[in-house]
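Asks: Kindly generate the corresponding structure for this input.
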Amino acid sequence: MAPIPGAGLAKGLAVTLRTMTRKTVTEQYPDVQPELPPRTRGVIGLFEENCTVCMLCARECPDWCIYIDSHKETVPAAVEGGRERSRNVLDRFAIDFALCMYCGICIEVCPFDALFWSPEFEYAETDIHELTHERDRLREWMWTVPAPPALDPAAEEPKELAAARKAADKLAAAQAAALEEPPGPEASGGPEGSGPGAPGPGQEGSA
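Replies: You can find the predicted model right below:
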């Protein structure tokens, strides 16, 4: 069947007419903040207490936009005669958002949950050099990170929780067994000398 001349034009005009008859909805930003999806990729927040300066995020970043500086400190031994140990102390953690492409690799590879997505998006600057934000600014964004979604009731229990629960149940069973254990013979005896082998009254010196 041959196409009807002008059918494409009529179809396009029909879409235009439908759009023209709909009510226009304009978000009144910045007076009214938009409702963002919970997994919005705005900026990256830093929870520096969890950071061990493993440098994994900086090494895996495809844009090399993460800058980390640290130094080592000696921690005294916990017990007398023990060995001292050294630990890394974070001096600088900065992200250049002029280079960042928001891939999220740094958040995924962090083994200690120190980086999180924040829905915050109002961080525009007039100078491109000011888009390199230091750890103080990244920490401020940490408090805008939404809470994680609730676990699926039908999901399997995490292995860490299962292992901890098993250890706690085992310890509770051992404590209950220790409380229910009957006292030994030495604990159930009366005063000293009242055992079956001790001479009774009137038997002293009868031998």
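Asks: check contacts around Phe47.
Replies: Neighbour list for Phe47: Asp113, Ala114, Leu115, Phe116, Arg139, Met142 [criterion: C-beta atoms under 8 Å, 6 or more residues apart in numbering]. The C-beta positions use only the backbone N, C-alpha and C, and glycine is treated the same way.
Asks: repeat for Ala114
Replies: Leu46, Phe47, Glu48, Glu49, Asn50, Cys51, Thr52.
Asks: What does the first one show for phi and psi?
Replies: Just to be clear, that refers to Leu46. phi -110, psi 130 (degrees, to the nearest 10).
Asks: looking at it, it is touching Asp136, isn't it?
Replies: No: contact criterion C-beta atoms under 8 Å: Leu46 and Asp136 do not qualify, at 9.3 Å.
Asks: quick one, which of these two is more surrounded?
Replies: Ranked by neighbour count (other C-beta atoms under 10 Å), Leu46 and Asp136 place Leu46 first, with 27 against 11.
Asks: need the contact list for that one.
Replies: Neighbour list for Leu46: Phe93, Ala114, Leu115, Arg135, Leu138, Arg139, Trp141, Met142 [criterion: C-beta under 8 Å, 6+ apart].
Asks: Quick one: residues in contact with the longest helix along the chain.
Replies: Secondary structure assigned by DSSP state H gives helix 159-180 as the longest helix of the chain. Outside of helix 159-180, the residues within contact range by C-beta under 8 Å, 6+ apart are Glu157.
Asks: what's the answer for stretch 57-77, then?
Replies: Outside stretch 57-77, the residues touching it (C-beta under 8 Å, 6+ apart) are 53, 55, 83-101, 103, 105-107, 109-110, 115, 132.
Asks: Could you do stretch 141-150 as well?
Replies: Pro38, Val43, Ile44, Gly45, Leu46, Phe47, Phe116, Trp117, Ser118, Pro119, Glu120.
Asks: Please, where are all the strands along the protein?
Replies: Remark: strands assigned in the chain by DSSP state E are 43-46, 66-75, 85-96, 115-118, 132-133.
Asks: winner for burial among those?
Replies: strand 43-46 (a mean of 24; mean count of other C-beta atoms under 10 Å).
Asks: Arg39 contacts Ser118, correct?
Replies: No: in this structure, Arg39 is not within contact of Ser118 by C-beta under 8 Å, at 11.2 Å.
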